[in-house]
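Asks: quick one, structure for this:
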Amino acid sequence: MGIAAHYGCKRKLSFLDMEKIKQAQRHAEELAKKQHEETQEAQRHAEELAKKQHEETQEGQRHAEELGKKQHEETQKGQRHAEELAKKQHEETQEGQAGLASDMADLKQGQTDVAAKVADVAAKLEDIAAQVAEEKDADSKLRGEGGNKTQAADKPIDEWINDITEELKKHYQGHVCKKWVYPWGGNWMDFDKIYIPVTIDRDVGPESKPIKESLESYEELFEIKEDEASRRFILVGDPGQGKSSFCAKVAHDWCVRKTLENIRLLFIIDLAKVDKDTFIEDAICEHLLSDIEIQPTKLREVIKHLKQSIFFIFDGLVPHTTCK
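Replies: Next up is the predicted model:
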């Protein structure tokens, strides 16, 4: 009886142990299942997060590619624009250089032509001087033969110089050194009130590479150095720059003896009013000395007598065929 009870108790304890074990197993299974579900949930969350990061990465790459493409297109567009601008500037530079070279060539040719005409005028002046000498010799021979003609042409040469000086002043002050207030007429205006001084540059140095040098005063043009037999110069400028007004300024200053005291006689000849076949002394007598009875031969004698104290200005030399 005691043995059976003991056995039954033992069996009962074993059954309880089995229940606990099963309960523990179920709890372990539930815990494992829960952990498995949590692991799967974590995996799904990780996969979604990785997918989202992958999509964001791809979106960023696409955005970067589009931005890079846009920047590349803008860079190419800027390069094309820069190339077109550089090409245009190069063409304009070449065109400007070609135009400048053409203008320089025309200017040089014009200076050469003017220099040739001035040399021609100088040669003709020398011919006049020679003719004056011949006529003077002829007059001396006539006087030696007993010719006793007391005419106005035989008065002393100093009187002729004074008469010519006064006649030139009257002509310049009445026709050259006064200007109309209006182009169609009106009152006269004194030259000093309207004249604007011009800047005169002269070329110094070698002819192949001259240097521009500004004059302090135009009187420097008329200063003859000790080693010079005469002085010749050409005043070059575009139409309207003041060449003729400069000639009038020189005439005005000579008339009032403001400057140019070393010049006894100043002849300003407007070549536009002189026929191309006219001799210089004939043009002077006709246009500048028409109110005094002086013959071209006597004028040549006066010119020969004064030598370096006389100055000729030819206005309008370039477009005119030089008179004889």
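Asks: helix or strand for the spatially most central residue of the chain, which one?
Replies: Closest residue to the average C-alpha location of the chain: residue 100 at 9.9 Å, with C-alpha atoms, centre = their mean. Following DSSP states H and E, one finds residue 100 within helix 2-144.
Asks: is there a neighbour count for residue 190? I'd like the number.
Replies: 12 (other C-beta atoms under 10 Å). All C-beta atoms are positioned from the backbone trio N, CA, C, and that covers glycine.
Asks: for it, which residues make a bridge with it?
Replies: residue 178 (DSSP bridges).
Asks: picking up where we left off before, how far away is the residue nearest to the centre of the chain from residue 316?
Replies: 27 Å (C-beta to C-beta, to the nearest Å).
Asks: again with residue 14
Replies: Distance from residue 14 to residue 316, by C-beta to C-beta: 149 Å.
Asks: quick one: which of the two has more around it?
Replies: Using other C-beta under 10 Å as the criterion, residue 14 and residue 316 rank with residue 316 on top: 15 against 10.
Asks: who's in contact with residue 286?
Replies: Contacts for residue 286 (C-beta atoms under 8 Å, 6 or more residues apart in numbering) come out as residue 278.
Asks: go on, the one 10 residues further on?
Replies: Residues in contact with residue 296 (C-beta under 8 Å, 6+ apart) are 279, 281-282, 285.
Asks: distance from the helix holding residue 100 to the middle of the chain?
Replies: When distances are taken as C-alpha atoms, centre = their mean, to the nearest Å, helix 2-144 is centred 39 Å away from the chain's centroid.
Asks: now for it, which elements pack on it?
Replies: Where contact means 3 or more C-beta pairs under 8 Å, 6 or more residues apart in numbering; DSSP states H and E, helix 2-144 is packed against helix 280-287, helix 296-306, strand 310-315.
Asks: touching the following helix or strand past that helix from outside, list them.
Replies: Counting by DSSP H and E, the next helix or strand C-terminal to helix 2-144 is helix 157-171. Contacts with helix 157-171, where a contact means C-beta under 8 Å, 6+ apart, come from 255, 264-267, 288-289, 291-292, 294, 298-299, 301-302, 305-306.
Asks: make a PyMOL selection of the buried ones in those residues.
Replies: Applied in PyMOL, the following selects the buried portion of the contacts of helix 157-171 according to 16 or more other C-beta atoms under 10 Å:
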select buried, resi 255+264+265+266+267+288+289+294+298+299+301+302+305+306
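Asks: show me which of the contacts of helix 157-171 is closest to residue 125.
Replies: residue 267 (11.1 Å; C-beta to C-beta).
Asks: helix/strand/coil for the closest one?
Replies: Secondary structure, DSSP: H, G, I helix; E, B strand; the rest coil: residue 267 is strand.
Asks: for it, give me the pLDDT.
Replies: On pLDDT, residue 267 comes in at 92.
Asks: again, but for residue 216
Replies: So, for residue 216, pLDDT stands at 78.
Asks: got it, and residue 164?
Replies: Reported pLDDT for residue 164: 92.
Asks: same thing with the one 4 residues further on?
Replies: Reported pLDDT at residue 168 in the predicted model: 91.
Asks: report how many residues lie close to it.
Replies: Residues near residue 168, counting by other C-beta under 10 Å: 21.
Asks: look up how far residue 86 lies from it.
Replies: 63 Å.
Asks: again with residue 254
Replies: 58 Å.
Asks: if you count what's nearby, which of those two comes out ahead?
Replies: residue 254 (24 against 10).
Asks: just checking, what packs against the one helix or strand the more buried one maps to?
Replies: Taking DSSP H and E as the definition, residue 254 sits inside helix 243-255. Helix 243-255 is packed against helix 191-194, strand 265-270, strand 310-315, with contacts defined by 3+ C-beta pairs under 8 Å, 6+ apart.
Asks: which pLDDT value belongs to residue 154?
Replies: Residue 154 is given a pLDDT of 66.
Asks: residue 302 and residue 264 touch, don't they?
Replies: No: with contact defined as C-beta atoms under 8 Å, residue 302 does not count as touching residue 264 (9.4 Å).
Asks: which residues does the nearest residue to residue 266 once chain neighbours are set aside contact?
Replies: Among residues not flanking residue 266 along the chain, residue 254 sits closest, at 4.7 Å (C-beta to C-beta, 6 or more residues apart in numbering). With contact taken as C-beta under 8 Å, 6+ apart, residue 254 is in contact with 172, 260, 263, 266.
Asks: make a markdown table out of these and add distance to residue 213.
Replies: As requested, these are exported to a markdown table (distance: C-beta to C-beta, whole Å):
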| residue | distance to residue 213 |
| --- | --- |
| 172 | 30 |
| 260 | 21 |
| 263 | 23 |
| 266 | 25 |
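Asks: from these, pick the one nearest residue 58.
Replies: Closest to residue 58, out of all of the contacts of residue 254 and judged by C-beta to C-beta, is residue 260, at 95.1 Å.
Asks: and residue 293, helix, strand or coil?
Replies: Applying three-state DSSP: residue 293 is coil.
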